[in-house]
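Q: Just need the structure, nothing else, for what follows:
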Amino acid sequence: MTKPQESIPAAADVLGTLGTMYVQHRIAGKTKLTLSLSAVGVCKIWHNWRRKNTDGLPGAMLMLWAGCAVPFGVYAIVQNFSIALQIQPQCFGGLTLITWGQTLYYHSKWRAWTATAATIGMAAAFAGTEAILIVTLRIPYAKGIEWPMMMMAIIASVMQCGGLLLPFWELSKRNGRVIGINFMFLTIDYAGAFFSLLALVAQHTFDVLGSTMYIVCMTLETGIFLSQAIWLWRVRHIRHEAKKAGKTYDEYIAQHPTKNMTRSESTETIADIEAAQGHEVSTETLVQPEKIVTNPTHSSHLGRVPMEEKVEVAMDTSPVSVPENAARVPSRE
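A: This is a model prediction of the structure:
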């Protein structure tokens, strides 16, 4: 395990600041702003408030993200990362908790004061837990006991991985379409993880455990980008039709429900497969039983009855009166 950093090179400070604090982006095509990580989180919160919903953002995912900030914050502070990387988990966890509170209000329909109280309570619990861990784990770590700090890094990576895997469950419900995650914010978060990883590379010694969290983040967020790209490719024909009709994709699908995709096939393929399957099923269910009933020479050894026996049974069960003076058929000798 890497020892705590005794000094931070200037390059690590600069890259850590890029990964944590600043990124340029033009908003609404009008004003160029310098957005810090906090501002990005505030914009996400504002985005949810403007839409008045948090669809596509599972509360469990946000809680795992906020919770992983505690062990990773402990690890970053005790390992003496750059100041920017030490502040990063605190900002990330606090803003994620606010977003979690929004899911309680918009999705779970909690009252505003109840959701606010729950958010403040969780923030206080996380802050107190982190402070206690920092104070208590520094003592054994200074004596050479490393496994508690290793557990902090591992727990943080596992919690973040679990939080980023939950959106993939949401993606599976929508054929891979990303809903509720703004790609501007996802891109900024990806860039932040990338520059933070470079900051660890620029240190005097590379911290493998500390870099794991950033690598996990970048890998799973790449999967989210790819999922959306694949979905856009699969519905390209439908999006083209919607564009020609002057409607959005959702508006077009609402008016043409049959155009919507199932989980595994594209729209054009579904119609052909379903038509073929339906024809085969109807042929088998209607024609096959008819063959079994009407074919007198059916080869089944269980239900085979000679034709003569069928005639005799029919004659025995239907009595017929014959006149006495009826002409008799001469018998053959």
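Q: what about this protein, any weak spots by pLDDT?
A: The model of the chain has pLDDT under 70 over residues 6-7, 13, 15-43, 261-333.
Q: quick one, helices of it?
A: 10-20, 37-51, 59-78, 83-102, 112-142, 147-173, 183-202, 208-234, 236-244, 249-255, 267-294, 307-316 (DSSP state H).
Q: Alpha carbons of the third one, as PDB, please.
A: Coordinates of the C-alpha atoms in helix 59-78 are reproduced here as PDB (Å, rounded to 0.1, in the frame of the first residue of the first chain):
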ATOM      1  CA  GLY A  59     -32.700   6.600  -5.000                       C
ATOM      2  CA  ALA A  60     -30.500   3.600  -4.000                       C
ATOM      3  CA  MET A  61     -28.000   4.700  -6.600                       C
ATOM      4  CA  LEU A  62     -27.800   8.200  -5.200                       C
ATOM      5  CA  MET A  63     -27.500   6.900  -1.600                       C
ATOM      6  CA  LEU A  64     -24.600   4.600  -2.600                       C
ATOM      7  CA  TRP A  65     -22.900   7.500  -4.300                       C
ATOM      8  CA  ALA A  66     -23.300   9.700  -1.300                       C
ATOM      9  CA  GLY A  67     -22.200   7.000   1.000                       C
ATOM     10  CA  CYS A  68     -19.100   6.100  -0.900                       C
ATOM     11  CA  ALA A  69     -17.900   9.700  -0.400                       C
ATOM     12  CA  VAL A  70     -17.400   8.900   3.300                       C
ATOM     13  CA  PRO A  71     -14.700   6.200   3.000                       C
ATOM     14  CA  PHE A  72     -13.100   7.800   0.000                       C
ATOM     15  CA  GLY A  73     -12.900  11.200   1.800                       C
ATOM     16  CA  VAL A  74     -11.200   9.400   4.700                       C
ATOM     17  CA  TYR A  75      -8.700   7.700   2.400                       C
ATOM     18  CA  ALA A  76      -8.000  10.900   0.500                       C
ATOM     19  CA  ILE A  77      -7.400  13.000   3.600                       C
ATOM     20  CA  VAL A  78      -5.300  10.400   5.500                       C
END
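Q: Make 487 the first number, not 1, from now on.
A: Will do, 487 is the new start, and the previous item becomes helix 545-564.
Q: what's that helix packed up against?
A: If contacts are counted by 3 or more C-beta pairs under 8 Å, 6 or more residues apart in numbering; DSSP states H and E, helix 545-564 sits against helix 569-588, helix 598-628, helix 633-659, helix 694-720. Bear in mind the C-beta positions are built from the backbone N, C-alpha and C, glycine included.
Q: Name the residues of the shortest one that come out as buried.
A: Using 16 or more other C-beta atoms under 10 Å as the burial criterion, the residues of helix 569-588 that qualify are 570-588.
Q: One more: stretch 639-655?
A: 639-647, 649-650, 652-653.
Q: Run through who's touching that stretch.
A: 542, 544, 546-551, 553-558, 561, 664, 667, 695-696, 698-699, 702-703, 706-707, 709-710, 713 (C-beta atoms under 8 Å, 6 or more residues apart in numbering).
Q: and the residues you listed, which are buried?
A: For these, buried by 16+ other C-beta under 10 Å: 542, 544, 547-551, 553-558, 561, 664, 667, 695-696, 698-699, 702-703, 706-707, 710, 713.
Q: picking up where we left off before, turn the buried residues of stretch 639-655 into JSON lines, columns for distance to Glu616.
A: Output for the buried residues of stretch 639-655, formatted as JSON lines (distance: C-beta to C-beta, whole Å):
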{"residue": "Ala639", "distance to Glu616": "14"}
{"residue": "Ile640", "distance to Glu616": "17"}
{"residue": "Ile641", "distance to Glu616": "12"}
{"residue": "Ala642", "distance to Glu616": "11"}
{"residue": "Ser643", "distance to Glu616": "17"}
{"residue": "Val644", "distance to Glu616": "17"}
{"residue": "Met645", "distance to Glu616": "14"}
{"residue": "Gln646", "distance to Glu616": "16"}
{"residue": "Cys647", "distance to Glu616": "20"}
{"residue": "Gly649", "distance to Glu616": "18"}
{"residue": "Leu650", "distance to Glu616": "21"}
{"residue": "Leu652", "distance to Glu616": "23"}
{"residue": "Pro653", "distance to Glu616": "25"}
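Q: Among these, find me the one that's closest to Thr615.
A: Closest approach to Thr615 among those (C-beta to C-beta): Ile641, at 12.0 Å.
Q: where does the closest one sit relative to Met635, distance-wise?
A: According to C-beta to C-beta, to the nearest Å, Ile641 stands 11 Å off from Met635.
Q: Contact partners for Phe558?
A: Going by C-beta under 8 Å, 6+ apart, Phe558 touches 575, 638-639, 642, 646, 699.
Q: So it versus Leu571, what's the distance?
A: In terms of C-beta to C-beta, Phe558 sits 10 Å off from Leu571.
Q: Over to Trp596: give its phi and psi.
A: phi -70, psi 160 (degrees, to the nearest 10).
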